[in-house]
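**Student:** need a structure here:
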Amino acid sequence: MKAFLLAAGLGTRLRPITETTPKCLVPIAGIPLLGWWIKLFEKYQITEVLINLHHLPEAVEKYINNIDTWIKFSFFYEETLLGSAGTLKANKDFIKDDSPFFICYADNLTNYNLSEMHAFHQEKKSNFTMALFRTDTPKIKGIVEIDEICKVISFEEKPDSPKSDLANAGIYLANNTIFNLIPLKKFADIGFDLLPNLVHDMYGWETKEYLLDIGTIEHLNKANTEWPQILRKGV
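**Tutor:** Numbers count the residues shown, from 1 in each chain. Coordinates of the predicted model:
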């Protein structure tokens, strides 16, 4: 299987760390965040990964080129950020057949069971599956409602009046039909420009496994406390 790993963010909320270190190379329990993604992809037999780059791209390329992995990486440098959906649109040729592929945000730390998500995707005959988790801060997340068969019946990015506590985890499994739903614009975002077009045509897969957005110093410290405990239980 293939995956897009979206890693071009500036990591402004992690400054001053990210002034000299790309966000995806910030260490968690002694290993860069990107290293944990590589371990997860290896575990679930993701064979090819396209990673987009913008801030300090040479450091990311050097890390990947020097790590021992059988995963084939492709690099896509964005001189001007295209947005998460814009990156997908610009690289639609990375997906050469109709096999499903993962889309993941590299600033998340997770042990999600990608095989279980894939099985759910296949069972539902879904064109697009979104990983979901329960949140206690719905106003700053992408929030969904699902029906009795787990089809997404509403989605709103950072709602003022959340309709549920089911949040977008930033891990998706998609078929190549989704490229046609991404608008042609200079900057296109998955949350604002793609997901609203998939309401009633995508499914939500809920999991209680670990996921944390490493977007702030507070979350970075939290990850360094919690992740070693997760590892002891077995990722």
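**Student:** give me phi/psi at the spatially closest residue to Ser115 that is not a sequence neighbour?
**Tutor:** Closest residue to Ser115 apart from its sequence neighbours, by C-beta to C-beta, 6 or more residues apart in numbering: Tyr44 at 5.5 Å. (C-beta placed from N, C-alpha, C; glycine too.) Dihedral pair for Tyr44: phi -110, psi 20, per degrees, to the nearest 10.
**Student:** wait, Tyr44 sits on Leu114?
**Tutor:** Yes - using C-beta atoms under 8 Å, Tyr44 is in contact with Leu114, at 3.9 Å.
**Student:** per-residue pLDDT, the residue nearest to Ser115?
**Tutor:** Tyr44 is assigned a predicted lDDT (pLDDT) of 96.
**Student:** Can you give me the neighbour number for it?
**Tutor:** Counted with other C-beta atoms under 10 Å, the neighbours of Tyr44 add up to 16.
**Student:** Let the chain start at 7 from now.
**Tutor:** That works, and once the first residue is 7, the last one we named lands at Tyr50.
**Student:** And it, how far from Leu218?
**Tutor:** According to C-beta to C-beta, to the nearest Å, Tyr50 stands 19 Å off from Leu218.
**Student:** okay, the helix-or-strand element of the chain with minimal mean pLDDT in CSV with CA atoms only?
**Tutor:** The least trusted helix or strand in the chain, going by mean pLDDT, DSSP states H and E, turns out to be helix 23-26, with a mean of 76. Provided in CSV are the C-alpha atoms of helix 23-26 (Å, rounded to 0.1, in the frame of the first residue of the first chain):
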residue,chain,number,x,y,z
ILE,A,23,12.5,24.2,18.7
THR,A,24,11.3,24.4,15.1
GLU,A,25,13.5,27.3,14.1
THR,A,26,16.3,24.7,13.6
